[in-house]
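Student: Fold the following for me, if possible:
(chains A and B)
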Amino acid sequence: MFKKIVDSTIFSGKCAKDHYRLLKRKVIFSMFLMVTIPLTIMLTINYFQYKSYHQNQIMLPLQEISEKTMHSFELFMEQQLAIIKFISITYNFESLKHKKTINKILISLKKEYKGFVDIGLIDSKGELISYAGPYSLLGKDYSMQTSYKETQIKGQYISNVFLGYRKNPHIVIAVQSFSNESQNFILRATISTDFFGRFIANMGLARQSDAFLINSQGIFQTNSLYYGNALEECPLKIINSHFQPYNFKKKDTKNRDIVIVSSAFTIADYILVIVQPYSVALKSWYDFKYDMVFVFLISLAIIFFAIVKLSNILVNRIKISEEHRESVLTELQHAQKLSSIGRLAAGVAHEINNPLAIINEKAGLLNDLIALSDNFDKKSKFTEISNSIVKSIERCRKITSRLLGFSRRIDVKIESIQVNDIIYEVVGFLEKETLYRKLDLILSLSDSVQPVFSDHGQLQQVFLNLLTNAFAAVENELGTIEIETKNSIKRGVIIKIDDNGCGMSQETIEKIFDPFFTTKKKEGTGLGLSISYGIIKKLGGKIFVESEPEKGTVFTIHLPEGSEEMETNYDKTKAKNSSY
Amino acid sequence: MTKQKPKILLIDDEEEFISTLAERLELRGYTCKTAEDGESGLRMIEEQNFDITVIDLMMPGMSGLETLRQIKIISDELPVILLTGHGSTKDGLEGMSIGASDFLMKPIDINVLLEKINIALGLE
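Tutor: A predicted model of the protein is given here:
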């Protein structure tokens, strides 16, 4: 159904909708960018700061443990060396040669210190000349062995791990000493590597972590949890650093990200290696990271939600204000159009009134003269002619008076009135036509309609105009016209005039309130509805029209409650406007 | 109350209009004089005696309302009926507030005018 609301022409249509949707999107997008860009930058900076901070915090204790454990190892080994050295100095070469003495020493060692397996004396030629322990090694030549050579060079030696005859991992500690005859000899002890495990266990590493010893060739000196057993080759490439614990990241054989902390021994060819999966080492960092990302995403969601809500409100406000502006503009244009046409009409009417008055007087004089004169030929014809002139003048006078009325120069008389009464009066004028044309006129007038302050005569004119139009629109015998009155929610009265006549097209609706627009061809002046519009406007009301071709038309008038002061107010504005 | 018909002064710049109106009034037994502007009208009032004046509101020079004011100064007793060419009753009402007896819209109906004259002169 076509709908035109004269007082609030809504700026609608697909184009406008798209415009606002686009605007909303733009607002949302730019606001979102404005908020999220700084937030993201801040988060990125924080991310890297926290990352390096966390990593330092995690690596540092690992390095400390590594160093401490390495020192424990070294201390222990030095202690073992010191014991052997002490023995080599306390007992001379001669006494150590005696099986009894050396056995006694082994018993004492085993009693006092754990881990000693055997002890042997090697002379300067490399032959084992005295031995206490589980194996029969007497007379064995050690001169070609690394331990012998190294001890000869360095004075002491701690070997890598090797498997003894009992397939237990051992290490050899050897100390060079000199006999009274200035002959050098080597005291060599074998120690079980059980203590390695003890030290490593004491490190108290986190789950999934691994710690082991390797030598510089990458051969395991202890069993590793994940990477192999003692004396196997280590699959990880470990960097050997003597200065400080060295840490680095890499992927292990199972393709896990791992952190490796290695500390190299100074007194022996050992490297302590701690391997920790990244996920374990940086667990707190990962937790923190996930928290941070979670908070970020939640914030983004909240921000997005808030922005969408805000943009909706904003765009709706803009829409409302634009629509309002549009309607005010339309109204203003309409008012201006009416006012300029009104001025023109008033000017024309006024100019015409003077000659009309002259013609009127001349025709009147003619009439008078004819009436006074004696009977003459065609006297009645002359009388008829002059009367006809007077009648035409009367018609012209009505037209000019309406034109002047249109220019709003007729006074408003505000009084308390009952809208229903006016409708009864107007319907009274049309009663004969209703009967004659067999039309159905339905009056649904609410008894409770409140009185309003308005102009009786002008409302009468409006209702008459609208009803005349309705009567013109409907067909004989089929036409139904309904007049309805009711109280408005906004204090005032609503009057509806509904017909089932020919209706109007959209283009017609857009023009019906324009002066001189008519669809009645020769019959209409095109002023009725524009005058009605002007009157309702002047009385502070609103007039709406809804129509559909072949279905009918509904005119709705909203009349305000009004007050007695309206009249004085109106006089003031009129005084201002009538300054020509 | 004179039995003689009242003497009327018509003031309007539309010469054709007042002369015809005057002729018609004279046909009805009234004595009529015409003036084409306020000034000459006032002069005539000073010189002669009139029973009633009919003045058009829209005139070049001295306007109808101004003429009315001047008449009220010269002769407060003289009744005045105003004619207005444009549909507004406002000027007519203003004139009545100054002292006009009544007002009429152009084009006029002579019978209505006579009626108003009679009322103004208290003849009815």
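
Student: name the helices or strands packed onto the helix or strand bottoming out on mean pLDDT in chain B?
Tutor: The weakest-scoring helix or strand in chain B, judged by mean pLDDT, DSSP states H and E, is helix B:90-98 (a mean of 78). Helix B:90-98 sits against helix B:64-74, strand B:80-84, strand B:102-105, with contacts defined as 3 or more Cβ pairs under 8 Å, 6 or more residues apart in numbering or on different chains; DSSP states H and E. Placement of C-beta: from N, CA and C, glycine included.

Student: what's the angle between whichever helix in chain B runs longest and strand B:80-84?
Tutor: Among the segments of chain B that qualify as a helix by DSSP state H, the longest is helix B:15-27. With axes from the mean of the first three to the mean of the last three Cα atoms, to 10 degrees as the basis, helix B:15-27 and strand B:80-84 are set at 140 degrees to each other.

Student: Report how many residues lie close to the closest residue to chain B within chain A.
Tutor: Closest to chain B within chain A is residue A:404: 3.0 Å, counting by Cβ to the nearest Cβ. Using other Cβ atoms under 10 Å in any protein chain shown, residue A:404 has 24 other residues around it.

Student: what's the angle from the least confident helix or strand of chain B to strand B:80-84?
Tutor: Using the same axes, to 10 degrees, the inter-axis angle of helix B:90-98 relative to strand B:80-84 is 170 degrees.

Student: so after the strand or helix carrying residue A:46, what's the next helix or strand?
Tutor: Using DSSP states H and E, residue A:46 sits in helix A:14-90. Remark: after helix A:14-90, the chain's next helix or strand is helix A:93-97, criterion DSSP H and E.

Student: Just the buried positions in that next one, please.
Tutor: Across helix A:93-97, burial judged by 16 or more other Cβ atoms under 10 Å in any protein chain shown covers A:93, A:96-97.

Student: likewise stretch B:115-124?
Tutor: Under the neighbour-count criterion of 16+ other Cβ under 10 Å, stretch B:115-124 has B:116-117, B:120 buried.

Student: Can you classify residue A:197 by secondary structure?
Tutor: Under DSSP: H, G, I helix; E, B strand; the rest coil, residue A:197 falls in the helix class.

Student: Which residue, other than its chain neighbours, is closest to it?
Tutor: Of all residues not flanking residue A:197 in the chain, residue A:222 sits nearest, at 6.9 Å (Cβ to Cβ, 6 or more residues apart in numbering or on different chains).

Student: wait, doesn't residue B:55 sit right on residue B:83?
Tutor: Yes: between residue B:55 and residue B:83 there is a contact under Cβ atoms under 8 Å: 6.9 Å.

Student: which neighbours do these two share?
Tutor: The overlap between the contact sets of residue B:55 and residue B:83 (Cβ atoms under 8 Å, 6 or more residues apart in numbering or on different chains) consists of B:12, B:64.

Student: How about the contacts made by residue 54?
Tutor: All of this is about chain A. A:282, A:284-285, A:288.

Student: That was the other one, I meant chain B.
Tutor: Taking Cβ under 8 Å, 6+ apart as the criterion, residue B:54 is in contact with B:8-12, B:80-83, B:113, B:117.

Student: that older thread, check which helices and strands the longest helix of chain B sits against.
Tutor: Under the contact criterion of 3+ Cβ pairs under 8 Å, 6+ apart, helix B:15-27 touches helix A:283-372, strand B:7-11, strand B:31-35, helix B:110-120.

Student: Comparing the ones you listed by mean pLDDT, which bottoms out?
Tutor: The minimum mean pLDDT among these belongs to helix A:283-372 (a mean of 85).

Student: and that helix with strand B:80-84, angle?
Tutor: For helix A:283-372 against strand B:80-84, the angle by the same axes, to 10 degrees is 120 degrees.

Student: Please compute how far helix A:283-372 lies from its chain's middle.
Tutor: Here helix A:283-372 is found 33 Å from its chain centre; the criterion is Cα atoms, centre = their mean, to the nearest Å.

Student: and if you look at stretch A:495-504?
Tutor: The mean C-alpha position of stretch A:495-504 is separated from the chain mean by 49 Å, Cα atoms, centre = their mean.

Student: Now the helix holding residue A:46: average pLDDT?
Tutor: Per-residue pLDDT over helix A:14-90 has a mean of 87.

Student: Please apply the same query to stretch B:46-62.
Tutor: Averaging pLDDT along stretch B:46-62 gives 90.

Student: That one: which residues count as buried?
Tutor: Those would be B:50-59, B:62, for stretch B:46-62 by 16+ other Cβ under 10 Å.

Student: okay, now the domains of chain A?
Tutor: Taking automatic domain parsing as the reference, chain A has its domains at A:91-196, A:205-281, A:412-580.

Student: what about the second one, start to end distance?
Tutor: Right, the one you point to is domain A:205-281. Start-to-end span of domain A:205-281 (Cα to Cα, to the nearest Å) is 10 Å.

Student: Nearest residue to the middle of chain B?
Tutor: residue B:54 (0.7 Å; Cα atoms, centre = their mean).

Student: gap between the host helix or strand of that residue and the chain center?
Tutor: Secondary structure from DSSP H and E places residue B:54 in strand B:52-56. Offset of strand B:52-56 from its chain centre (Cα atoms, centre = their mean): 1 Å.

Student: still on that earlier bit, and which of the buried residues of stretch B:115-124 is nearest to residue B:31?
Tutor: Taking Cβ to Cβ as the measure, residue B:31 sits nearest to residue B:117 out of the buried residues of stretch B:115-124, at 12.5 Å.

Student: That closest one reaches residue B:7, doesn't it?
Tutor: No: counting by Cβ under 8 Å, residue B:7 is not a contact partner of residue B:117; they are 11.1 Å apart.

Student: rewinding a little: list the strands paired with the strand holding residue B:54, with their directions.
Tutor: Using DSSP bridges, the strands paired with strand B:52-56 are strand B:7-11 (parallel), strand B:80-84 (parallel).

Student: ok, back up a step: how about the helices and strands packed on helix B:15-27, which one is nearest residue A:529?
Tutor: Checking these against residue A:529 by Cβ to Cβ gives helix A:283-372 as the closest, at 11.4 Å.

Student: Can you name the next helix or strand after that closest one?
Tutor: Scanning forward in sequence from helix A:283-372 by DSSP H and E, the next helix or strand is helix A:379-406.
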